[in-house]
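> Below is the sequence, then the predicted model.
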Amino acid sequence: MELNEIRLFSPATVANVSCGFDVLGFCLDTVGDEMVIRKTDERGIRITKITGYDLPYKVTENVAGISALAMYNTLKPECGFEIEIHKKIKPGSGIGSSSASAAGSVFGMNVLLGDPLNKTELTSFAMKGEAFASKAEHADNLAPAIFGGFTIVKSIHPLHIIELPTPKDLYATIIHPQIEIKTSDARALLPQKVPLRDSITQWANLGSLVHALHTSDYDLIALSLNDVIVEPHRKSLIPDFDTLKEKVIKAGALGCGISGSGPSIYTLSQGIKVAEKVEDAMFMIYESTSIPFDTHVSKINTEGIKIIK
Ligand SMILES: Nc1ncnc2c1ncn2[C@@H]1O[C@H](COP(=O)(O)OP(=O)(O)O)[C@@H](O)[C@H]1O
Ligand SMILES: N[C@@H](CCOP(=O)(O)O)C(=O)O
């Protein structure tokens with residue numbers, strides 16, 4: 001029977017993971033948007049429903065519409081598509097809200113068209129939407145959303161994505177202070193040139209982290225989760241960042257950093273018990289501020305975006 005409609009879970013993701021600005025990311029299990037993609041006889045792309053947050057219905061202003069249109073204009077199918085976005089990931093939260101929408105529309109259309117495109121091709125169309133939101137091309141949220149697990153974007157032209165293994169006892173804890181930081185604004189803060197000594201530290205950390213993921217070496221993960229290039233420029237945007245980092249490391253986290261462009265902060269821990277202790281520590285720090293926040297513990301989602309109906 002021909003499939004005319006599907007419902008998807010489009011996951012939140014953590015980009016950068018401290019030492020891998022614009023190239024490294026991983027996929028979360030517990031947070032994500034739901035999207036419905038429907039085939040229509042009428043040609044073209046329409047966004048017919050958005051719940052959760054106030055976002056544009058105009059196809060050329062919504063990242064889900066922009067990526068869908070890029071794919072549609074290339075494949076030129078006989079049918080059209082309707083998109084519903086049920087947003088659970090707050091835009092500007094630093095856990096890949098725009099990326100979840102950009103990935104969801106192209107993934108859903110591809111399934112309804114009988115899977116003509118592979119995951120790298122889907123990521124490439126989704127990048128058109130993501131570039132609109134952040135005013136720069138990057139795929140470090142899209143790749144883990146579409147492939148699952150940890151991914152490295154080796155290059156964007158040509159798009160080359162590498163899937164990395166996920167140590168089985170690794171858990172993420174996220175705190176999301178409810179202030180909005182636009183990715184485009186957080187990118188504008190970054191220097192165009194970085195000192196050689198910082199670059200050396202950063203690529204040593206990234207190489208070591210990749211090795212640690214391959215060998216499930218939790219001690220080496222802890223030693224590698226450091227960012228000497230981007231975090232120093234962005235951390236002042238996030239209230240109590242340094243205090244929180246110190247406390248979660250004391251609580252047992254392997255490492256802690258800004259998730260994507262913030263304001264969310266991520267940690268990685270060995271085992272769910274430690275991840276929950278880290279969540280308590282986050283709670284204690286932010287409870288004393290006037291900023292609303294939410295926290296969650298998540299397994300690393302190795303499957304990525306998936307059909308739920
Ligand atoms: N479907 C969408 N989902 C999320 N943000 C969207 C969407 N369409 C357009 N946007 C715009 O993209 C910006 C959020 O993207 P970005 O700053 O990258 O945040 P995030 O880190 O949460 O992805 C906001 O200005 C928002 O209005
Ligand atoms: N590498 C990008 C990642 C942005 O992630 P987001 O979740 O904040 O959209 C950056 O750090 O600018």
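Looks like it arrived, so ask away. Numbers count the residues shown, from 1 in each chain. Ligands and ions are numbered 1, 2, ... in the order given.

> anything in the worst-scoring helix or strand of the chain on mean pLDDT near ligand 1?
Across the helices and strands of the chain, mean pLDDT, DSSP states H and E gives its lowest value to helix 183-188, namely a mean of 91. Yes - Helix 183-188 reaches ligand 1 (C-beta under 6 Å from any ligand atom) through residue 183. C-beta coordinates here come from the backbone N, C-alpha and C atoms, glycine included.

> next structured bit after that helix?
helix 196-215 (DSSP states H and E).

> Now the least confident helix or strand of the chain: buried residues?
For helix 183-188, a neighbour-count test (16 or more other C-beta atoms under 10 Å) marks 183, 186-187 as buried.

> now swap in stretch 272-280 and tell me
For stretch 272-280, a neighbour-count test (16+ other C-beta under 10 Å) marks 274-279 as buried.

> can you check stretch 104-119 too?
Of all the residues in stretch 104-119, those buried under the rule 16+ other C-beta under 10 Å are 104-110, 112-113, 117, 119.

> biggest separation within these, which pair?
Of all pairs drawn from the buried residues of stretch 104-119, the widest gap by C-beta to C-beta lies between 112 and 119 and measures 16.2 Å.

> which residues of this protein score low on pLDDT?
For the chain, the stretches with pLDDT under 70 are 1, 309.

> which stretches of it form helices?
63-75, 97-112, 119-134, 142-147, 183-188, 196-215, 218-224, 231-234, 241-250, 272-287 (DSSP state H).

> mind checking which of these is nearest residue 265?
Closest among the helices of the chain, using C-beta to C-beta: helix 241-250, at 6.3 Å.

> by contact count, what packs against the least confident helix or strand of the chain?
helix 119-134 (3 or more C-beta pairs under 8 Å, 6 or more residues apart in numbering; DSSP states H and E).

> Can you point out the buried residues in the helix it packs on?
For helix 119-134, using 16+ other C-beta under 10 Å, the buried residues are 119, 122-134.

> Look up how far ligand 1 lies from residue 195.
Residue 195 is 27 Å from ligand 1, where distance means C-beta to the nearest ligand atom, to the nearest Å.

> Repeat that for residue 201.
Distance of residue 201 to ligand 1, given as C-beta to the nearest ligand atom: 26 Å.

> and that residue, what does it touch?
226, 228 (C-beta atoms under 8 Å, 6 or more residues apart in numbering).

> now with 10 Å?
19, 195, 226-229 (C-beta atoms under 10 Å, 6 or more residues apart in numbering).

> Could you dump those into JSON lines with neighbour count added?
JSON lines is the format used below for these (neighbours: other C-beta atoms under 10 Å):
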{"residue": "19", "neighbour count": "27"}
{"residue": "195", "neighbour count": "11"}
{"residue": "226", "neighbour count": "19"}
{"residue": "227", "neighbour count": "23"}
{"residue": "228", "neighbour count": "17"}
{"residue": "229", "neighbour count": "19"}
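
> Pipe the residues you listed into CSV and attach distance to residue 236 per row.
Converted to CSV, these look like this (distance: C-beta to C-beta, whole Å):
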residue, distance to residue 236
19, 20
195, 20
226, 18
227, 14
228, 16
229, 15
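
> between those residues, which is nearest residue 303?
The closest of the contacts of residue 201, once distances to residue 303 are taken by C-beta to C-beta, is residue 19, at 25.0 Å.

> Hmm, residue 224 and the closest one touching each other?
Yes - assessed by C-beta atoms under 10 Å, residue 19 is found in contact with residue 224 at 6.3 Å.

> Please tell me how far the closest residue to ligand 2 within the stretch 151-300 of the chain sits from residue 33.
Nearest residue of the stretch 151-300 of the chain to ligand 2, counting by C-beta to the nearest ligand atom: residue 260, 2.5 Å away. As judged by C-beta to C-beta, to the nearest Å, residue 260 and residue 33 stand 15 Å apart.

> neighbour count winner among the two?
Between residue 260 and residue 33, counting by other C-beta atoms under 10 Å, residue 260 is the more crowded of the two (29 against 25).

> Contacts only, for that one.
The contact partners of residue 260, taken as C-beta under 10 Å, 6+ apart, are 12-17, 25, 92-97, 99, 134, 138, 140-141, 181, 183, 186, 234, 266.

> let's go with 8 Å and repeat that
Residues in contact with residue 260 (C-beta under 8 Å, 6+ apart) are 13-16, 94-96, 141, 183.
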